[in-house]
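Visitor: Sharing a model prediction with you, sequence too.
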Amino acid sequence: MAKPPEPIEEVIPAAEAAVVAEVLRVVLQAPQQQYAPSEETSRPTTAAKQVVELKVSRVLFGGLVSAGKTLEVVKPEGAYALAAGNHGPFVLGRTAEGVEILGRYGPDTWPEGLVQQAAQKLGR
Amino acid sequence: MTLRLSDTRIRTFVEAQKSSATPKISDANVLELLAAVGDGSRLSFEKAKTELARPGLTRKQQFDIAASGLSKSEKSDLGQLLDKSGLQMDPGAKNFLEALIGRAPLQETFGPLNIIGDQKNGIAGLAKPGEVIEAINLSTAPAGRLHLTDTMVIGTADASGKFLGTLPDVREGDLIRMRTRAADGSTSDWLTIQAKGVEASDTRNAVVNLERMDLAATAAGVTVTHNTGRPLSEPGAQLRFVNVRTGEKVDVVATDKGSLPAGLLLPGKAGDEFKVSVSDGKNNVTHAAVTGTLKVPGGTTGPGGVDLPDPKMHKDELNADGTPKFKLERFTGPLFINEPTAGDVRQGAIGNCYFPAALAAVAAQNPQVIKDAIKQNPDGTYTVRFYESGNKNRPVDIKLDSDLYVRSFGGPIYGGSLGGSVEKDKMELWYPLIEKAYAQWKGSYDAIGNGGSAGRVMSEVLGRPQGYEWVSAGNAERLYNRIKTDIARGVPVAAGTHGSDQAARYTNTGVYANHAYSVLGVEEKNGEKFVKLRNPWGQSEYGNDGKNDGFFSLPLSKFTELYASLYVLN
């Protein structure tokens, strides 16, 4: 079921910022539906929405937050979940709910170098 | 006072105004005067009028059109209009006339929102104190996901009405649309400016988003419709459609909403392909750079000749009316480049990881099975053989053509090949065509794109019954030996990770939840046992071997922790 990461060129234009950060804590965890084991290799299931606090170590682009600061962001319902200590490049966008993590797998969606390359290519 | 006007069109304009009930030089009718002075050897009066009314044109551009044809006598006429005509004038109209005769600088904006100077250090201007200024870059919006109203706040007017805002990613010549928003939520009219002073020259062309257009053959020709509320190009951009078969070209100008003119009709028929290019008037003016090609659905195209029905796209890629968001293109590359291998297989943007994982596992263990499964027919079509319920006595032959849904920037949106190029005349076809045949057999890409069983697919490809085993630390050794034996016998094996409810255990591991993997073997290094796996994405893996090609080795203990099931053939 797991789809490959979206082409980064399609995501960066809608992004407000990209940062390298670590998850300090999960602030809010929506109820997670439990799925019984199945013979199917993959199924249309999702990991519940979360709100997490990020500690930003570096800013790759954008003025949403500066290095050293913390930021609460929404991890939308989708294919991955976060826990304290998870880290990596987070591409961030703004929605009606606030700042949201973009990319199908959060910090595991694209390597940091790829985010930087794409941002540069697209003039961010 | 009597006017001595030498230009006939200016004289006619003034006479018409004087005989009107509300004589006035307004922001609307001043374009007539600008056209009267802008005409000359380069532009006719009518052409100048059309140019001046083009959507998205800034005041500066309108001024330049008028100034380019302005003669000495016309200058004198405008001076008389200002000083002696007694006609009422809108401030914006008056400023045009004053600027043309050199009496005042051109003010580029008028109204509740005024922009001052260039955008070298940001967007500066005047609005009512306390109002926020919202903006969107119309030049970049068509490439992203924004609607024209998806603005961002760039600043707030201070107590004296001044503001200085910053909009990210503004380049020279970009069209910026802005408005003010008062505390009560009311907004001003839109104001569009063209960014200047940002760079030495305007080198960023307009974009055109081909995915936002749908072509359809009708008796009258080919209709082109804008299939979304998001803009497809920047206002005023010149779009060119060239019919590849006939060479006929049609030029149109994007509307002020970044859309197509209503009722756009191209000369052509079903199956025709159109090359689409765009120019912002500064870049790509010859349209030498083509953005991409759109195909009119239906018809008979390509060297294969025969056009067979194609499986419908996944529901995520269908418009509300059921039409596909992506176009089909005929691929004519080789079925195989060398022997089929696991490394050829690339999962597309669809939730069918179980399918490429299974096919890659089969290719790795028994490439001849793949070669036997798909054949090219004399008429250019292909036939793929599956086995219903894994029963060798119940073959299912699917006949298909090599049309694949493609992204605007090239390459298939669903399964593709990593065996070289993704160009339509070069890409290795065995995997995307077997996947297409599977979608055709099961009903659509939607029918195969919401999860499934890798074991079932291996069984349907090989015509052998399937089985599966749960993975746990308790049966690690037995599974290790099972994999070793099966692989040694050339029997494919696949594995699945735990579901999305356990996704948190996967983050930062390089392995993904709710995902299928090809199992390619086992190995022992320095006394530790490993399982060799491949991610069907052709990228993203455990560890860091510097290749990021999807192939990796996982310690057996980690395998039992991260994987839930093993798919085998009985």
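Guide: That came through fine.
Visitor: and the longest strand for chain B?
Guide: Counting by DSSP state E, the longest strand found in chain B is strand B:516-525.
Visitor: Partner strands of that one, with direction?
Guide: strand B:493-497 (antiparallel), strand B:528-534 (antiparallel) (DSSP bridges).
Visitor: Identify the residues contacting the longest one?
Guide: Contacts of strand B:528-534 from elsewhere in the structure, counted by Cβ atoms under 8 Å, 6 or more residues apart in numbering or on different chains, are B:342-343, B:357, B:360, B:364, B:480, B:483, B:495, B:517-524, B:542, B:550-556, B:559. (Glycine included, C-beta is placed from N, CA and C.)
Visitor: Quick check on those residues: which are buried?
Guide: Buried members of the contacts of strand B:528-534, scored by 16 or more other Cβ atoms under 10 Å in any protein chain shown, are B:342-343, B:357, B:360, B:364, B:480, B:483, B:495, B:517-522, B:542, B:550-554, B:556, B:559.
Visitor: Just the pLDDT at B:Pro267, thanks.
Guide: In this model, B:Pro267 is scored at 85, pLDDT.
Visitor: For the closest residue in space to it that isn't next to it in sequence, grab the count of nearby residues.
Guide: Leaving aside its sequence neighbours, B:Pro267 sits nearest to B:Glu248 (Cβ to Cβ, 6 or more residues apart in numbering or on different chains; 5.0 Å). Applying other Cβ atoms under 10 Å in any protein chain shown, we find 14 residues neighbouring B:Glu248.
Visitor: what sits against B:Glu248?
Guide: B:Glu248 makes contact with B:Val242, B:Pro267, B:Gly268 under the criterion Cβ under 8 Å, 6+ apart.
Visitor: How about B:Ser540?
Guide: Going by Cβ under 8 Å, 6+ apart, B:Ser540 touches A:Pro4, A:Pro5, A:Asp108, B:Gly510, B:Tyr512, B:Asn548, B:Gly550.
Visitor: Going by proximity to chain B, name the top residue of chain A.
Guide: Closest residue of chain A to chain B, Cβ to the nearest Cβ: A:Pro13 (3.3 Å).
Visitor: what's the nearest residue to that residue once chain neighbours are set aside sitting at in phi/psi?
Guide: Take A:Pro13 and drop its neighbours on the chain: the residue closest to it by Cβ to Cβ, 6+ apart is B:Gly144, 3.3 Å away. Backbone torsions for B:Gly144, taken as degrees, to the nearest 10, come to phi -110, psi -160.
Visitor: Please enumerate the strands of chain A.
Guide: Counting by DSSP E, chain A has these strands, from start to end: A:17-29, A:50-61, A:70-75, A:87-95, A:98-102.
Visitor: between those strands, which gets nearest to B:Arg11?
Guide: Each of the strands of chain A has some distance to B:Arg11 by Cβ to Cβ; the shortest is strand A:87-95, at 55.7 Å.
Visitor: Buried residues, that closest one. List them.
Guide: When neighbours are counted by 16+ other Cβ under 10 Å, the buried residues of strand A:87-95 are found to be A:His87, A:Gly88, A:Pro89, A:Phe90, A:Val91, A:Leu92, A:Gly93.
Visitor: Touching that strand from outside, list them.
Guide: The contact list for strand A:87-95 (Cβ under 8 Å, 6+ apart) reads A:11-12, A:14-23, A:54, A:60, A:62, A:64, A:73-74, A:99-103, A:106-112, A:115, B:152, B:508.
Visitor: For ChimeraX, what selects the buried ones among those?
Guide: Command for ChimeraX, covering only those of these found buried under the criterion 16+ other Cβ under 10 Å:
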select /A:11,12,14,15,16,17,18,19,20,21,22,23,54,60,62,64,73,74,99,100,101,102,103,106,107,108,109,110,111,115 /B:152,508
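Visitor: Good, wrapping up.
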